[in-house]
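Colleague: Provided below for reference: sequence and predicted model.
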Amino acid sequence: MHRGKLCILLPVFCLLTLYSCKIGRFFWYNYANISDHKIFPYRKISNSDQPFCFQNGRPLAKPIIIKNQDEAIVLDDYLPTSKTVAFLIIKNDSILYEKYYHDYQDSSLVASFSVAKSFVSALTGIAVKEGYIKSIEQSITDYLPELKDEGFKQITIKHLLQMTSGIKYSENYYTPFSGAAGSYYGTNLRKAISRLKIKNPPGKMFHYQSINTQLLALILERAVKKDISSYLEEKLWQPSGMEHNASWSLDRKKNGLEKAFCCLNACTHDFAKFGRLYLNKGDWNGIQIIPEYWITASTKKDTTEGSKWYYQYQWWIGSGKHGDFSARGHLGQYIYVYPKKDIII
């Protein structure tokens, strides 16, 4: 072959080879983005045939003032200059404020990142109620026998919920060699899970790690004997009157596993309805979708068994003064719930 052609083809070959692995995808896509639902295979989650719609409330009489680095700013002035694509304020089931930016609208699909963790928690609570999971005190090896290390037998489902499992895992999206980046861009989560190691004894220390949620999802899949997208559709998405189809990104097309720690993709109003479900203690217009005790446990302070008061069952807890809590995503996604004022943001 001519030397000039070889010089051209060699870098192309290297690039294609690199692109085929998680490291290549990390550099090719150059950091996670809220539009990443377009680059991964996915499972569809169908909307309800009886959608629930929030009512349009009275426009706010005064502008909303926020603090940004101790500076008072009008929200309407701040949002267009930020990376915000959607912003909703709902009170008493009425929309008080609704804005969209950067070509997004109410029907646009948005990646949730770690907001998805709170959905996995809800599905876990439902599975416990239905008897698919006997108890959150069960060892995870009851469902994940491929975890060979004896230390895994000491890890319970509750440890995963509370992020106190002690599993060795790097929660870092800024290097392709971290656990989180590997889980995000990798194409075989089942294989990666089988190679996990223990770092610390469980129930001793809080360490926020996406792998805990991913293990919860695999436990759910095996307990209910269906993929978690189907379980979400059946037990939560359709019963809660979701207006739009959603999707859950997979690690691969064939026999794919949901990237449960990050990649549930949905529209703004439907994310808000999930907040409404928790605002109303799991009750949806008279139907108890999620057990009330599960909602209570997910939104109260608890520091036992190494857990932190500000994180319970894959939800973030507020200061305690107002009883507020939120689901949070890596790039600034929030479902904020303030029960005392009947507010969802």
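Modeller: Yes, it's here. These numbers come from a predicted model, not from an experiment. Numbers count the residues shown, from 1 in each chain.

Colleague: Can you show me the CA trace of the helix or strand that contains Ser229 as CSV?
Modeller: Element membership of Ser229, judged by DSSP states H and E, is helix 228-232. Written as CSV, here are the backbone C-alpha positions of helix 228-232 (Å, rounded to 0.1, in the frame of the first residue of the first chain):
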residue,chain,number,x,y,z
ILE,A,228,-37.7,-2.1,34.7
SER,A,229,-39.0,0.0,31.8
SER,A,230,-42.0,-2.3,31.5
TYR,A,231,-42.4,-2.3,35.3
LEU,A,232,-42.3,1.5,35.4
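
Colleague: could you pull out the helices for the stretch 1-150 of the chain?
Modeller: Under the criterion DSSP state H, counting those that start in this stretch, helices of the stretch 1-150 of the chain are mapped to 3-19, 22-29, 75-78, 115-129.

Colleague: Lowest average pLDDT across those helices?
Modeller: Between the helices of the stretch 1-150 of the chain, the lowest average pLDDT goes to helix 3-19, which shows a mean of 43.

Colleague: where exactly do the strands run in the stretch 1-150 of the chain?
Modeller: Taking DSSP state E, counting those that start in this stretch, the strands of the stretch 1-150 of the chain run over residues 42-45, 55-56, 65-68, 71-74, 86-91, 94-100, 110-111.

Colleague: cool, and the stretch 151-300 of the chain?
Modeller: Going by DSSP E, counting those that start in this stretch, the stretch 151-300 of the chain shows strands at 246-249, 264-266, 283-284, 287-288.

Colleague: Of those, which stretch is the most buried?
Modeller: Mean neighbour count (mean count of other Cβ atoms under 10 Å) peaks for strand 264-266 among the strands of the stretch 151-300 of the chain, with a mean of 28. Any C-beta I mention is one placed from the backbone N, CA and C, and that applies to glycine too.

Colleague: What average pLDDT does that one get?
Modeller: 98.

Colleague: other SSEs contacting that strand?
Modeller: The contact analysis (3 or more Cβ pairs under 8 Å, 6 or more residues apart in numbering; DSSP states H and E) places strand 264-266 against strand 110-111, helix 115-129, strand 246-249.

Colleague: Of the ones you listed, which is nearest Arg276?
Modeller: helix 115-129 (12.6 Å; Cβ to Cβ).

Colleague: mind checking how far that closest one is from the chain centre?
Modeller: Distance, stretch centre to chain centre, for helix 115-129: 10 Å (Cα atoms, centre = their mean, to the nearest Å).

Colleague: Poorly predicted segments of the stretch 51-200 of the chain, please.
Modeller: Scanning the stretch 51-200 of the chain for pLDDT under 70 picks out the ranges 173-178.

Colleague: that older thread, which one of the strands of the stretch 151-300 of the chain lies nearest to Ser307?
Modeller: Closest among those, once you apply Cβ to Cβ, is strand 264-266, at 24.0 Å.

Colleague: residues in contact with the residue nearest to Gly282 when sequence neighbours are not counted?
Modeller: Residue nearest to Gly282 in three dimensions, not counting chain neighbours: Ile290, with 3.5 Å by Cβ to Cβ, 6 or more residues apart in numbering. Shown in contact with Ile290 (Cβ atoms under 8 Å, 6 or more residues apart in numbering): 122, 125-126, 129, 236, 277-278, 282.

Colleague: count of neighbours near the residue nearest to Asn212 when sequence neighbours are not counted?
Modeller: Spatially, and ignoring its direct neighbours in sequence, Asn212 is nearest to Leu160 (4.3 Å; Cβ to Cβ, 6+ apart). Number of residues near Leu160 (other Cβ atoms under 10 Å) recorded here: 28.

Colleague: where are the low-confidence patches of the stretch 201-345 of the chain?
Modeller: For the stretch 201-345 of the chain (pLDDT under 70), the answer is 320.

Colleague: 80 instead?
Modeller: 320-321 (pLDDT under 80).

Colleague: List the contacts of Ala246.
Modeller: 44-45, 47, 109, 237, 264-267, 270.

Colleague: ok, now Arg328?
Modeller: Contacts for Arg328 (Cβ under 8 Å, 6+ apart) come out as 114-115, 316, 334.

Colleague: Narrow those to those that are buried.
Modeller: 114-115, 316 (16 or more other Cβ atoms under 10 Å).

Colleague: Tell me the spatial nearest neighbour of Asp36, not counting adjacent residues.
Modeller: Distances taken as Cβ to Cβ, 6+ apart place Ala111 nearest to Asp36, at 5.5 Å, with adjacent residues excluded.

Colleague: which residues sit in contact with Ile198?
Modeller: So, once contact is read as Cβ under 8 Å, 6+ apart, Ile198 ends up touching 149, 151-152, 166-168.
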